[in-house]
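Trainee: Could you look at this predicted model? Sequence included:
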Amino acid sequence: MQPTKRWLNWSVSVLAAGFLAVGGLGTAAAQAAKKGNAKPVAKAAPAKKPAAGAAKAAGAAGAAGAAGAAAVMAAPSGPIELQVWHTLNPQQAAEFDSLVQRFNEQQHGFTVKVTAKPSVEALIEDGTAAVRARRAPHLVELPDNRSPEFIARQGAILPMYELLAKYPIKDLRWFLPQTTAGMSDAKGRLLALPWMADIPIYLYNRDLYRRAGLDPDTPPRTWRDMQAHLIALLQNGVNCPYATSWQTWVHVENLSAMHNSAYATRNNGLDGPNGAQLLANDLLHVRHLALMMSWVRSHLFPVRTNQDQGDAAFASGECAVLTSGSSALAQVQSKASFSYGVAPLPYYEEEAARPSTPFVGGSAFWALGGHSTAEQKALATFIAYLATPVVAAEWHQKTGFLPLTEAAYRASEVSFYKNIPGAESVVRAMANPPAKFTRGFRLNNYDRVTDIINSELNAVWNGVKPPKQGLDDAVARSSSVMSAKK
């Protein structure tokens, strides 16, 4: 829901009106985006909320669709150049550029050109123009909007399982079922490449732990233990004991997952999102938010952000503890001048005998259709390269994203995990079979729900509402949004 430049999820629907107009969605998608699928906030660098731009892009996409952009592209007249678009943060983008450069140097008979978009607005504008000109990219980064089937239904998408069935990758074994679950359809078929799979983690400054008299090899297991650590840090001169990024992802969604507690009715919406209701105002969430608010008042928890701003506060050494996505390690590794460790998110012993596993978030690469057979084959070759053990292991180590394949995990064991205490145990824990309520969730219009939850959390932090009222209002407001037609 990264770290990775987590797109504001509203962009998926506008892209469904722009890029996906190639598949004949055209004006219908544009109208859908205008009616509420244009997404204003949430979980794969921080982006802005350009509502006017969304409407403009949707309208342009409708025009592109009406102009007949659904036609299948002819075979390229010259050398093939695969176009890959992303919004990765600078550290991740630099690593991806390096991997692509090595691929191009291997002389495969075609080249890969990477385009990093500076903002969602730019990507939408450029994407709409590319659709109109019938020069759509081949591979595009899209965030996890908790509705991958909605994206895959659009005619422009080439589901990953279809591409890999036509051009299989030898000895390919995905690292974890959870890694691919968020990008699979109801039949378990992979829709997109989970290249940017992300989980929430606990990062801590080992040097500041030592200074506060804490054991840097014993991070807190529970939220109660964490409170004791934060108090010790504050008492020893740390002005920012704790920061969080992606507050809804960490403190609402994954609070449920870490305790194997239902986040929504209808089996988290997996039995069908229609009629599903949030359960984020249950006793677990109310008690947790009350504890967090006590930390806010006690100056233990000064940095709370909707997106990834907390990552920089930790990487600079300002804050001693950070909860964020594992992809925050890209920035931390490149900027931190201190020793740091990684641990799972804390949990409440009174709520669960042992912690469960978190929801997997992040973004993925989606293949776009409408390209020639030769281009599809070239794309499959590039994806096979990304899946090779050496390449996938390097990406995992440099970015903090989950390993793409089992071989990538094995290749990383010696060279990476020993240098970041706790990292291996966090990743290895994801190998456990998912519990009943940790397989993910599917909820209608969840992009807008995340926006609502963030606004209610901010109202609580600012003292405008008590925790229970904030959560009750979040659930009530979300109910009408989730019941709206998709």
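Mentor: Sure, I can see it.

Trainee: before we move on, which element is the nearest residue to Leu300 once chain neighbours are set aside in?
Mentor: Excluding the flanking residues, the one nearest Leu300 by C-beta to C-beta, 6 or more residues apart in numbering is Leu230, at 4.3 Å. To be clear about C-beta, it is placed using only N, CA and C from the backbone, and glycine gets the same treatment. Under the criterion of DSSP states H and E, Leu230 resides in helix 223-235.

Trainee: and the residue lying closest to Ala378 once chain neighbours are set aside, what does it touch?
Mentor: Nearest residue to Ala378 in three dimensions, chain neighbours excluded: Phe110, at 4.6 Å (C-beta to C-beta, 6+ apart). When contacts are counted by C-beta atoms under 8 Å, 6 or more residues apart in numbering, Phe110 touches 79-82, 378, 381.

Trainee: What part of this protein, helix or strand, is modelled with the least confidence?
Mentor: Of all helical and strand segments in the chain, the minimum by mean pLDDT, DSSP states H and E falls on helix 26-32, at a mean of 31.

Trainee: coming back round to it: going by neighbour count, list what's buried in the helix holding Leu230.
Mentor: 223, 226-227, 229-230, 232-234 (16 or more other C-beta atoms under 10 Å).

Trainee: same check, this time on stretch 188-204
Mentor: 189-204.

Trainee: Could you tell me which of the residues you listed belong to strands?
Mentor: Of these, the ones assigned to strands by DSSP state E are 193-198, 200-204.

Trainee: pLDDT weak spots in the stretch 1-150 of the chain?
Mentor: Applying pLDDT under 70 to the stretch 1-150 of the chain flags residues 1-77, 119-121, 123-124, 127-128, 131, 144-150.

Trainee: which residues are in contact with the helix holding Leu230?
Mentor: For helix 223-235, the surrounding residues in contact (C-beta under 8 Å, 6+ apart) are 202, 204, 208-209, 212-214, 219-220, 241-242, 288, 291, 295, 298-301, 320-321, 346-349.

Trainee: so of those residues, which ones are in helices?
Mentor: 208-209, 288, 291, 295 (DSSP state H).

Trainee: If you rank these by neighbours, which is first?
Mentor: Tyr209 (25 neighbours; other C-beta atoms under 10 Å).

Trainee: In contact with it, which residues?
Mentor: So Tyr209 contacts 215-216, 229, 233, 320 (C-beta under 8 Å, 6+ apart).

Trainee: And those, which is closest to Val342?
Mentor: Of all the contacts of Tyr209, Pro216 has the smallest distance to Val342: 11.7 Å, by C-beta to C-beta.

Trainee: and the gap between that closest one and Ser337?
Mentor: Distance from Pro216 to Ser337, counting by C-beta to C-beta, to the nearest Å: 16 Å.

Trainee: Between the two, which has more neighbouring residues?
Mentor: Neighbour totals were compared for Pro216 and Ser337, and Pro216 leads with 18 against 8 (other C-beta under 10 Å).

Trainee: Was I right to think that one contacts Arg210?
Mentor: Yes. Counting by C-beta atoms under 8 Å, Arg210 is a contact partner of Pro216 at 5.7 Å.

Trainee: How is the protein divided into domains?
Mentor: What automatic domain parsing lists as the domains of the chain is 11-50+68-198+360-412, 200-356+445-483.

Trainee: With distance to Ser425 as new columns, can those domains be given to me in JSON lines?
Mentor: As requested, these are arranged in JSON lines below (distance: least, C-beta to C-beta, whole Å):
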{"stretch": "domain 11-50+68-198+360-412", "distance to Ser425": "13"}
{"stretch": "domain 200-356+445-483", "distance to Ser425": "8"}
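
Trainee: Comparing those domains by mean pLDDT, which bottoms out?
Mentor: Lowest mean pLDDT within the domains of the chain: domain 11-50+68-198+360-412, at a mean of 75.

Trainee: how far out from the middle of the chain is stretch 435-455?
Mentor: 12 Å (C-alpha atoms, centre = their mean, to the nearest Å).

Trainee: quick one: buried residues of that stretch?
Mentor: 437-455.

Trainee: what's the span of that stretch from first residue to last?
Mentor: 30 Å (C-alpha to C-alpha, to the nearest Å).

Trainee: what do you get for stretch 296-313?
Mentor: Length of stretch 296-313, first residue to last, C-alpha to C-alpha: 16 Å.

Trainee: helix, strand or coil for the residue positioned nearest the centre of the chain?
Mentor: The centroid of the chain falls nearest to Gly362 when counting by C-alpha atoms, centre = their mean (1.7 Å). Look at Gly362: counting by DSSP: H, G, I helix; E, B strand; the rest coil, its state is strand.

Trainee: So it versus Asp198, what's the distance?
Mentor: Distance check for Gly362 against Asp198: by C-beta to C-beta, it reads 3 Å.

Trainee: For the closest residue to Asp311 other than its chain neighbours, give me its contacts.
Mentor: Computed as C-beta to C-beta, 6+ apart, the closest residue to Asp311 that is not its neighbour in sequence is Ala328, at 4.4 Å. Residues counted as contacts of Ala328 (C-beta under 8 Å, 6+ apart) are 2-3, 201, 203, 245, 308, 311, 314-315, 322, 400.

Trainee: how distant is stretch 357-367 from the center of its chain?
Mentor: Put simply, stretch 357-367 sits 5 Å off its chain's centre (C-alpha atoms, centre = their mean).

Trainee: In PDB, list the C-alpha atoms belonging to that stretch.
Mentor: Only the C-alpha atoms of stretch 357-367 are listed here, as PDB (Å, rounded to 0.1, in the frame of the first residue of the first chain):
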ATOM      1  CA  THR A 357       2.200 -12.200   9.300                       C
ATOM      2  CA  PRO A 358       1.400  -8.800   7.800                       C
ATOM      3  CA  PHE A 359      -0.400  -8.000   4.600                       C
ATOM      4  CA  VAL A 360       1.900  -7.800   1.500                       C
ATOM      5  CA  GLY A 361       1.600  -4.400  -0.200                       C
ATOM      6  CA  GLY A 362       3.600  -2.500  -2.700                       C
ATOM      7  CA  SER A 363       3.300  -2.200  -6.500                       C
ATOM      8  CA  ALA A 364       3.900  -4.400  -9.500                       C
ATOM      9  CA  PHE A 365       4.800  -4.300 -13.100                       C
ATOM     10  CA  TRP A 366       1.800  -4.800 -15.400                       C
ATOM     11  CA  ALA A 367       2.200  -5.800 -19.100                       C
END
